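Peer 1: Sequence unavailable; structure follows:
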């Protein structure tokens, strides 16, 4: 089971690393109140529901859970890049 999850986990870690760097830029630019609203929105409306649907309803198990989180964090990175004009 762990071997099957490693590609999903490595992709998630790559996006999460970019996400952490962009959050540092957001703090440096003092734009937290604009971006964190989008981050909370994306997490609770995209990431968690998609992870639950893929893991439970679509019977993808742990792979679906990681895919849902990967997509949610990916959308957050795109929004951060759009808000900060990168």
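Peer 2: Noted; the coordinates are in hand. For clarity, every value in this text was computed on a predicted model and none was experimentally measured.

Peer 1: Poorly predicted segments of this protein, please.
Peer 2: Applying pLDDT under 70 to the chain flags residues 86.

Peer 1: Can you identify the helix in it that spans the most residues?
Peer 2: The residue-count maximum for a helix in the chain (DSSP state H) belongs to helix 2-29.

Peer 1: For it, name the packing helices and strands.
Peer 2: Using 3 or more Cβ pairs under 8 Å, 6 or more residues apart in numbering; DSSP states H and E as the contact test, the elements touching helix 2-29 are helix 62-83. Every residue, glycine included, has its C-beta placed from N, CA and C.

Peer 1: Run through who's touching stretch 23-31.
Peer 2: Applying Cβ atoms under 8 Å, 6 or more residues apart in numbering, the contact partners of stretch 23-31 are 32, 35, 80, 83-84.

Peer 1: Export those to TSV and append columns for neighbour count and distance to residue 54.
Peer 2: Shown next, in TSV, are these (neighbours: other Cβ atoms under 10 Å; distance: Cβ to Cβ, whole Å):
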residue	neighbour count	distance to residue 54
32	12	30
35	20	26
80	22	24
83	15	27
84	14	29
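
Peer 1: Burial check on residue 20, number of neighbours?
Peer 2: Using other Cβ atoms under 10 Å, residue 20 has 9 neighbouring residues.

Peer 1: Tell me which residues touch the residue most central in space within the chain, please.
Peer 2: Centroid-nearest residue in the chain, with Cα atoms, centre = their mean: residue 73, separated by 1.1 Å. Counting by Cβ under 8 Å, 6+ apart, residue 73 touches 12, 15-16, 19, 47.

Peer 1: Not counting its neighbours along the chain, what's nearest the residue of the chain positioned farthest from its centre?
Peer 2: Here the chain reaches farthest from its C-alpha mean at residue 1, the gap being 22.4 Å by Cα atoms, centre = their mean. Spatial nearest neighbour of residue 1, excluding adjacent residues (Cβ to Cβ, 6 or more residues apart in numbering): residue 62 at 7.0 Å.

Peer 1: before we move on, the earlier item: how far away is the residue nearest to the centre of the chain from residue 3?
Peer 2: Using Cβ to Cβ, to the nearest Å, residue 73 is found at 23 Å from residue 3.
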